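Colleague: please find the sequence and the predicted model below.
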Amino acid sequence: MSDGNLYLGFDFSTQQLKVIAIRESLEIFCEESIQFDGDIPEYKTQGGVHRYPYEPLKVTAPPLMWVSALDLILKKLKASKFPFERVASISGAGQQHGSIYWSVGGVESLKTLDPALPLRDNLRTAFAIESSPVWMDSSTAVECRNLEESVAGPLTLSAITGSRGYERFTGNQISKILKGTSNKIARISLVSSFAASLLIGSVAPIDLSDGSGMNLLNIKSKLWEECLLVASGGEKLAEMLGPPIPTNSIIGELHPYYQVRYGFSKKCRVVSFTGDNPSSLAGLPAHPGDIVISLGTSDTLFLSLSEHVPSLMGHVFVSPLDPSNYMGLLCYKNGSLARERVRDICAEGSWDKFNSLLEKTPPGNNGVIGMYFFDAEITPDIQGLHLFDSNSNPITEIAHEQQVRAILEGQIIAKLLHSSSLGYTTGPSSRVLATGGASNNPHILQLIADIFNCSVYIVDSTSNSACLGAAIRAIFSTNVIPDTTYPELVERAVKCSFATEPRSELVSLYRNMLLRYKQLEESILAAKS
Ligand SMILES: Nc1ncnc2c1ncn2[C@@H]1O[C@H](COP(=O)(O)OP(=O)(O)O)[C@@H](O)[C@H]1O
Ligand SMILES: O=C(CO)[C@@H](O)[C@H](O)COP(=O)(O)O
């Protein structure tokens with residue numbers, strides 16, 4: 001195989017930093033990852049985050065941990081003799097909505113990175129706020145309501161920004177941070193633009209697609225909405241954020257730090273990073289009518305949209321593929337971490353045992369339904385463990401094998417219920433493209449097929465579609481492959497294979513179960529209000 005150029009795609013996700021290198025022929029050259037909890041334990045995270053027993057809605061992560069993870073993953077690549085000099089361009093992704101607050105000195109130290117030191121030692125005092133709020137935080141309900149009121153209500157905020165006020169959305173997080181600190185904040189980044197900043201040695205601009213997850217960007221004008229900036233952070237917020245840029249823009253050349261320390265080429269260019277979900281969409285050959293289900297730390301369901309219909313549920317972002325289009329997304333906080341908790345309680349921490357228990361119960365779980373919202377759920381706004389028997393009476397105890405089926409069927413039925421209510425429905429030629437760590441589990445894929453009544457496909461080469469999308473964006477944005485549209489490039493680069501199809505005999509069972517789930521969810525929400 002020729003020793004041609006390579007292209008890197010990073011993903012700074014909740015639990016780990018991942019990177020994929022692809023060849024100009026679009027084949028994967030190598031993958032690497034760093035688990036925050038296990039590989040850099042000095043930061044003492046659990047599931048990549050810090051939680052606060054006396055502030056259960058607060059969830060943060062230390063930006064210096066993400067810096068250390070970049071040091072470590074590049075060190076691992078160097079130890080494996082990775083040919084850094086062949087890297088022609090780099091892009092990446094980051095968990096959405098998290099916010100990083102650069103100090104004045106931090107902005108300066110970015111420019112003067114010393115290659116004799118790890119990034120961590122260069123940037124140890126770079127952050128005015130040492131614990132960044134991340135997407136699992138839901139402590140900003142007051143800020144959300146205030147922002148909604150600043151534009152005559154939640155539906156108006158959704159019409160402008162693509163979402164009603166959501167606690168994890170960055171504008172509300174910034175509002176809370178700025179109220180609570182006197183530290184001098186020079187600039188504010190998202191996780192995606194923060195990661196890009198490390199590579200170019202200056203604070204990188206926020207891209208339109210990830211910027212859509214802030215409750216600050218007008219997704220039609222593609223500009224920050226002035227009144228929302230003022231309501232969230234005052235007159236200076238525009239300056240702290242900088243102007244947003246189209247996703248897939250070339251934002252600069254790799255800082256000389258990386259040439260000296262690792263041997264990267266002087267000509268290596270950096271393409272704007274974006275949110276992990278937009279980057280994942282960019283890494284999948286989704287056709288019109290296809291739906292993507294990403295089963296990572298968060299579970300998400302997303303698809304390409306040609307228009308934006310304001311709603312009080314779900315989100316619409318500027319498309320990472322074409323700024324005149326959109327991306328619809330539903331997010332579930334209780335995703336893999338909730339499944340892991342049931343796995344650990346019922347299956348001794350083993351996915352194989354988890355799957356064996358699933359097989360001991362019939363589809364439909366003999367009418368038992370479960371909602372496993374250990375964390376305050378995003379879609380919908382419910383918390384707690386809610387179990388119901390076949391007559392929809394609340395129960396408290398079910399067998400381990402019923403627990404396993406209940407969490408999986410409950411999570412997938414919820415996705416079908418909420419996506420259908422937004423008109424995100426599958427047609428006869430639709431596919432569900434599954435990605436994310438849990439898409440490696442064939443039992444979960446079969447449940448998705450049965451409940452969505454749709455064939456499920458997976459990407460042959462990797463479940464890290466956010467990294468793959470970033471690497472493909474790195475190639476595409478540097479015009480290395482002329483006369484090729486982005487969809488054509490993705491079709492060539494990403495091979496999806498058939499994973500499983502629905503069992504037609506289960507269609508009516510799951511349709512009835514969905515109706516019961518809908519009634520139960522409505523009753524829980526009604527009891528809250
Ligand atoms: N066989 C499996 N069955 C179910 N879940 C799995 C399996 N293998 C991995 N996972 C889940 O995948 C998750 C990681 O997925 P990933 O997409 O890498 O997350 P993120 O991008 O948020 O870091 C883990 O938290 C783990 O629970
Ligand atoms: O909040 C959202 C999307 O709105 C989450 O999807 C985060 O982007 C976290 O991503 P993962 O770490 O689960 O990939």
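Modeller: Cool, got the structure. Keep in mind that this is a model prediction, so the values were computed, not measured. Ligands and ions are numbered 1, 2, ... in the order given.

Colleague: how about the residues of this protein by ligand 1?
Modeller: Proximity of the chain to ligand 1 is confined to 13-16, 296-297, 336, 339-340, 351, 436-438, 440-441 under the rule CB under 6 Å from any ligand atom. C-beta here means a position set from N, CA and C on the backbone, and glycine is covered the same way.

Colleague: what about those residues, which are in helices?
Modeller: For the residues of the chain next to ligand 1, membership in helices holds for Ser336, Arg339, Glu340, Trp351, with DSSP state H as the criterion.

Colleague: can you pull up the bridge partners for the closest residue to ligand 2 within the stretch 301-450 of the chain?
Modeller: The stretch 301-450 of the chain approaches ligand 2 most closely through Cys331 (4.0 Å), counting by CB to the nearest ligand atom. Taking DSSP bridges, one finds Thr300 as the beta-bridge partners of Cys331.

Colleague: got it, and Ala434?
Modeller: On the basis of DSSP bridges, Ala434 takes part in beta bridges with Ile293, Ile458.

Colleague: write out the residues of the stretch 101-250 of the chain neighbouring ligand 2.
Modeller: When proximity is defined as CB under 6 Å from any ligand atom, the stretch 101-250 of the chain approaches ligand 2 at Trp135, Arg168, Gly213.

Colleague: quick check: the last one vs Leu329, distance?
Modeller: Gly213 sits 9 Å away from Leu329, going by CB to CB, to the nearest Å.

Colleague: over to Ser202?
Modeller: 30 Å.

Colleague: and Ser99, by the same measure?
Modeller: When distance is defined by CB to CB, Ser99 is 19 Å away from Leu329.

Colleague: picking up where we left off before, more crowded one of Gly213 and Leu329?
Modeller: Regarding Gly213 and Leu329, a neighbour count based on other CB atoms under 10 Å identifies Gly213 as having more, with 30 against 27.

Colleague: which residue, other than its chain neighbours, is closest to the more buried one?
Modeller: Leaving aside its chain neighbours, Gly213 sits nearest to Gln96 (4.6 Å; criterion: CB to CB, 6 or more residues apart in numbering).

Colleague: list the contacts for that neighbour?
Modeller: Trp135, Leu190, Val191, Ser192, Asp210, Gly213, Gly275, Asp276, Asn277 (CB atoms under 8 Å, 6 or more residues apart in numbering).

Colleague: what about 10 Å?
Modeller: The neighbourhood of Gln96, defined by CB atoms under 10 Å, 6 or more residues apart in numbering, consists of 13, 134-135, 168-170, 190-192, 209-214, 274-279, 298, 300, 315, 317, 329, 331.

Colleague: now swap in Ser109 and tell me
Modeller: Taking CB under 10 Å, 6+ apart, one finds Trp102, Ser103, Leu119, Asn122, Leu123, Arg124, Thr125, Ala126, Gly201 in contact with Ser109.

Colleague: surely the third one is in contact with Met65?
Modeller: No: if you go by CB atoms under 10 Å, Leu119 and Met65 don't touch, sitting 11.6 Å apart.

Colleague: between the two, which one's more packed in?
Modeller: Leu119 (26 against 21).

Colleague: could you check the pLDDT of that one?
Modeller: Note on Leu119: pLDDT of 98.

Colleague: so how far is Ala471 from it?
Modeller: 21 Å.

Colleague: kindly report the same for Leu26.
Modeller: Counting by CB to CB, the gap from Leu26 to Ala471 is 9 Å.

Colleague: Pro56 now?
Modeller: Distance check for Pro56 against Ala471: by CB to CB, it reads 38 Å.

Colleague: okay, these two: which has more neighbours?
Modeller: Neighbours were counted for Pro56 and for Ala471 using other CB under 10 Å; Ala471 has more, 32 against 13.

Colleague: contact partners of the helix or strand containing Met513?
Modeller: When elements are defined using DSSP states H and E, Met513 is found to belong to helix 507-528. Residues from elsewhere that reach helix 507-528, judged by CB under 10 Å, 6+ apart: 362-365, 367, 369-371, 373, 380-384, 386, 388, 390-392, 394, 409-410, 412-414, 416-418, 420-421, 447, 450-453, 502-503, 506.

Colleague: any common contacting residues for Leu26 and Ala471?
Modeller: Overlap between the neighbourhoods of Leu26 and Ala471 consists of Tyr7, Ala493, taking contacts as CB under 10 Å, 6+ apart.

Colleague: a helix runs through Val142, doesn't it?
Modeller: Yes: using DSSP: H, G, I helix; E, B strand; the rest coil, the assignment for Val142 is a helix.

Colleague: Asn172 is in contact with that one, correct?
Modeller: Yes: with contacts defined as CB under 10 Å, Val142 counts as touching Asn172 at a distance of 8.7 Å.

Colleague: the two - which one has more neighbours?
Modeller: For Val142 against Asn172, the residue with the higher neighbour count under other CB under 10 Å is Asn172, and the figures read 30 against 13.

Colleague: just after the strand or helix carrying the more buried one, pick out the following helix or strand.
Modeller: Asn172 is part of helix 170-180, with elements assigned from DSSP H and E. Past helix 170-180, further along toward the C-terminus, the next helix or strand under DSSP H and E is strand 187-190.

Colleague: partner strands of that following strand, with direction?
Modeller: Strand 187-190 has its sheet partners listed here by DSSP bridges as strand 99-102 (antiparallel).

Colleague: rewinding a little: ok now the helix holding Asn172, how far from the chain's centre?
Modeller: For helix 170-180, the gap between its own C-alpha mean and the chain's C-alpha mean amounts to 21 Å (CA atoms, centre = their mean, to the nearest Å).

Colleague: which strands or helices does that helix pack on?
Modeller: In this structure, helix 170-180 packs against strand 99-102, strand 132-133, helix 141-149, strand 187-190, helix 226-233, helix 237-241, with contacts taken as 3 or more CB pairs under 10 Å, 6 or more residues apart in numbering; DSSP states H and E.

Colleague: distance between the second one and the chain's centre?
Modeller: For strand 132-133, the gap between its own C-alpha mean and the chain's C-alpha mean amounts to 15 Å (CA atoms, centre = their mean).

Colleague: do the last one as well
Modeller: Relative to the chain's own centre, helix 237-241 is displaced by 24 Å; criterion: CA atoms, centre = their mean.

Colleague: average model confidence for that helix?
Modeller: 95.
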